[in-house]
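**Q** quick one: sequence plus predicted model below, questions after.
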Amino acid sequence: MEIRPETSPLPRLIILGLGLCAGIAAIFVAQFHNAIVHRVHCPILRATGIPCPTCGGTHAVIALLQGHLHLAAATNPLVSGGAVVFVMVVLWAFGAMFLPAWRVTLVLEPREKRAAIWLAALLIIAGWFYEIWRLI
């Protein structure tokens with residue numbers, strides 16, 4: 001793993017754009033969460049009776065927005081953790097707009113990339129097992 005100075009600001013700007021979109025969506029969800037919670041249903045759960053790895057993600061995000069971290073983690077730890085990591089990355093990208101020292105790129109070797117992909121796959125599988133276990 002190596003940290004290098006960024007060669008292009010495009011990835012950082014894309015992250016900021018996604019963060020802006022997520023922020024607008026979060027404001028919408030925070031305002032209308034009662035109407036959203038009762039209308040959003042997982043199509044995979046409805047069709048098969050088996051929850052997907054992100055089942056309960058909307059409830060988890062609403063709990064995070066309301067400051068209920070324990071409830072969010074219990075509802076769906078995969079989505080809750082992903083949302084927290086996403087917010088941290090967006091904050092880094094925002095800080096890099098003003099602090100040139102933060103304008104860096106993380107470069108992974110092929111072996112490290114494979115390990116990261118396997119870790120992500122294992123986390124998704126673990127999240128899926130958690131969702132299934134929660135129904136039992």
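**A** Thanks, I have the structure now.
**Q** which stretches of this protein form helices?
**A** Taking DSSP state H as the criterion, the chain carries its helices at 10-31, 33-37, 43-48, 57-65, 69-75, 77-98, 110-135.
**Q** quick one, which of the ones you listed is nearest to residue 4?
**A** Each of the helices of the chain has some distance to residue 4 by Cβ to Cβ; the shortest is helix 10-31, at 12.7 Å. Where you see a C-beta, it was placed from the backbone N, CA and C, and this is true even at glycine.
**Q** flag every buried residue along the closest one.
**A** For helix 10-31, burial by neighbour count (16 or more other Cβ atoms under 10 Å) applies to 12, 15, 16, 19, 26, 29.
**Q** for that helix, packing partners?
**A** helix 57-65, helix 77-98 (3 or more Cβ pairs under 8 Å, 6 or more residues apart in numbering; DSSP states H and E).
**Q** hmm, try it at 10 Å
**A** With contacts defined as 3 or more Cβ pairs under 10 Å, 6 or more residues apart in numbering; DSSP states H and E, helix 10-31 has these neighbours: helix 33-37, helix 57-65, helix 77-98, strand 104-107.
**Q** make JSON lines out of the helices of the chain and add distance to residue 1.
**A** Formatted as JSON lines, the helices of the chain follow (distance: least, Cβ to Cβ, whole Å):
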{"stretch": "helix 10-31", "distance to residue 1": "17"}
{"stretch": "helix 33-37", "distance to residue 1": "39"}
{"stretch": "helix 43-48", "distance to residue 1": "35"}
{"stretch": "helix 57-65", "distance to residue 1": "29"}
{"stretch": "helix 69-75", "distance to residue 1": "28"}
{"stretch": "helix 77-98", "distance to residue 1": "16"}
{"stretch": "helix 110-135", "distance to residue 1": "6"}
